[in-house]
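**Student:** Next come a sequence and a model predicted from it.
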Amino acid sequence: MTDEEDEGSMTLNVGQRVRLVADLRLAGSVIPAGEAPDETGAFAASLALAAGIEGTVERVDEHHPQESRETREYLRLRSLLDDFGHQMPSASRAQLDEQVAALEEHWLAYQRQKLRVTLRVRLDNGFVLDDVPAGAFTSG
């Protein structure tokens with residue numbers, strides 16, 4: 001089992017058949033067709049979808065972790081060191097090494113963040129689930 005499988009996030013692609021892995025309950029307000037989304041209707045709704053219902057992936061969105069200013073600076077300085085460090089005077093290289101080392105913890109923290117993948121899935125019953133975590137589905 002790979003690390004990816006341990007996290008429950010497998011690679012899903014547009015057009016792929018998928019199956020819901022757990023029961024879902026959707027609840028919230030309902031807006032009648034033709035009304036503006038900002039108008040609040042007097043309707044409330046709840047919908048339950050059973051695990052095992054199948055559908056087709058219509059869209060896959062990858063949400064990459066945000067890079068901090070320190071992370072970007074680490075990448076810039078690391079690239080500079082890798083590309084030109086061998087040509088630098090020893091004092092300049094030592095100073096650059098220190099700057100890179102000081103920012104390394106920010107880089108490591110960034111790398112530990114997980115890529116978040118969400119899907120838009122058209123279920124066989126006609127319902128569409130949008131912005132659902134990929135871990136809610138398995139390949140069908």
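**Tutor:** Thanks, I have it. Numbering: from 1, shown residues only.
**Student:** For the closest residue to residue 48 other than its chain neighbours, grab the count of nearby residues.
**Tutor:** Among residues not flanking residue 48 along the chain, residue 25 sits closest, at 5.1 Å (C-beta to C-beta, 6 or more residues apart in numbering). (Each C-beta comes from the backbone N, C-alpha and C, glycine too.) Here the number of neighbours of residue 25 (other C-beta atoms under 10 Å) works out to 8.
**Student:** For residue 53, the count of nearby residues, please.
**Tutor:** With other C-beta under 10 Å as criterion, residue 53 counts 19.
**Student:** Retrieve the pLDDT associated with it.
**Tutor:** Looking at residue 53, its pLDDT is 95.
**Student:** The closest residue to it other than its chain neighbours: what's it in contact with?
**Tutor:** Nearest residue to residue 53 in three dimensions, chain neighbours excluded: residue 20, at 4.9 Å (C-beta to C-beta, 6+ apart). Applying C-beta atoms under 8 Å, 6 or more residues apart in numbering to residue 20 gives the contacts 49, 50, 51, 52, 53, 54, 55, 123, 136, 137.
**Student:** any idea which element the residue nearest to residue 48 lies in?
**Tutor:** strand 24-30 (DSSP states H and E).
**Student:** sorry, back to before: which entries within the contacts of residue 20 meet the buried criterion?
**Tutor:** 49, 53, 55, 136, 137 (16 or more other C-beta atoms under 10 Å).
**Student:** Excluding sequence neighbours, find me the nearest residue to residue 80.
**Tutor:** Residue 80's closest residue in space is residue 96 (C-beta to C-beta, 6+ apart), at 6.7 Å.
**Student:** if I read this right, the one you found contacts residue 82, doesn't it?
**Tutor:** No. Assessed by C-beta atoms under 8 Å, residue 96 is found out of contact with residue 82, at 10.4 Å.
**Student:** Neighbour count: those two, which is higher?
**Tutor:** residue 96 (17 against 10).
**Student:** That one in helix, strand or coil?
**Tutor:** Here residue 96 is recorded as helix under DSSP: H, G, I helix; E, B strand; the rest coil.
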